[in-house]
Structure formats: C-alpha cells, structure tokens
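A.B. asks: coordinates for the following, if possible.
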Amino acid sequence: MRDIDLLEFRAVKDEYFRHGHDSPLDHADRHDFEGLNYFPPNPDLVFTVPIEPGDGAEVQFPTSDDRVKTYHRKGRVNFEVGGQPAQLTLYSTGHPGYFIPFRDQTSGDTTYGAGRYLDVEPNGDGTVTVDFNYAYNPSCVYSDGYSCPLPPIENWLKVPIEAGEMMFGD
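C.D. replies: Numbering: from 1, shown residues only. Below is the predicted model of the structure:
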C-alpha cells in the first residue's frame, strides 16, 4: 500500500516534473507545465490478486531507441475488467517488487500508444495489489534521452484501462 493517497501522489509527481533537477521534462517544457493528465480515480481498477509463479525465464524487451533490456518473468496475475478476463505478467528488474509494462485498449487513443507501466510490491501473503490508478507513462514520452522498454505482447490487454496517466500534452 502507498504511504500517501493517490491525489497527493499525483501532486507530488507534478511538482517533481515541474521543478525536479532530474525531471524527465526538457527544461524548455517546464516553463508552461501545468501538470500531467490523469483519468479520475477509479476504484474499480484496483485488484488484490494471487500471484501465479512465473518460470523465471529471461525476456528480451525491445526499447524505444532500438536497444534491448532483459527482465525475468516472475509471475502472472489474473483479474476481470468490466466482466472481461485479463492477465498480466510480472517482471523482475533486479530491484524489489515487480515491473508491469502493459498496453490496453486506450493505448494510442487517450493514453500513450506504446503503453504504460506499473510498479507493484508483493503483499507478503502471496498476493499483489495492482492499482491501475498509479499507471504511468515511460520517461521517453517526455524526452528523447531515455531508453524505454516496450510492453511485450503477453501484456497487451484486450480491455480498456481508464485509470492512471493519460496522453501527455494537448
């Protein structure tokens, strides 16, 4: 569970983007920056679900700048969105928690076309809470100086995830 609530989390993130010395925004973009675009909080897109063990296999992810990043498949979660089944694979980056890159039916429409990310922590009881309200855009959305992994096909959802960050800009 997060230490601060969602709206405070968003305000802190916007402030970091506006004034942080290592903000992903180019300096020229910070002057007129009024905040990121977000879907309204959606409690229906928060799921506490069991983690099915993964095979630990290495997965090569192509990136936004034609590089490759390697992650390990650590588990899988199943849930339903609007009565439709959905499944996501959880990856290890070598840091605590799990990395979930995903695309959904909002990608390229109201959200970034290549997909978004989630970082989640295990709950300690074999479950994880997947809260899509914290879904965020990759840093390469804001600047060309980043190498962002592209969500693998196994994490392309056939349902819309109308939560979290929306398309950047107008």
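
A.B. asks: and the longest helix along the chain, what does it pack onto?
C.D. replies: Assignment by DSSP state H gives helix 6-19 as the longest helix of the chain. Identification of packing neighbours for helix 6-19 by 3 or more C-beta pairs under 8 Å, 6 or more residues apart in numbering; DSSP states H and E yields helix 27-30. In this view, the C-beta of every residue, glycine as well, is placed from N, C-alpha and C.

A.B. asks: buried set for the helix it packs on?
C.D. replies: residue 29 (16 or more other C-beta atoms under 10 Å).

A.B. asks: tell me the mean pLDDT for it?
C.D. replies: Over the span of helix 27-30, the pLDDT mean works out to 84.

A.B. asks: give me the low-pLDDT residue ranges for the chain?
C.D. replies: 1-4, 170 (pLDDT under 70).

A.B. asks: what sits against the residue most central in space within it?
C.D. replies: Central residue check for the chain by C-alpha atoms, centre = their mean: the C-alpha nearest the mean position is that of residue 117, 1.6 Å away. Residue 117 sits next to 99, 100, 101, 102, 135, 136, 137, 138 when contact means C-beta atoms under 8 Å, 6 or more residues apart in numbering.

A.B. asks: against residue 35, how distant is the residue nearest to the third one when sequence neighbours are not counted?
C.D. replies: Nearest in space to residue 101, with sequence neighbours left out and distances taken as C-beta to C-beta, 6 or more residues apart in numbering, is residue 151 at 3.9 Å. When distances are taken as C-beta to C-beta, to the nearest Å, residue 151 and residue 35 turn out to be 25 Å apart.

A.B. asks: also residue 69?
C.D. replies: The separation that residue 69 has from residue 35, given C-beta to C-beta, amounts to 29 Å.
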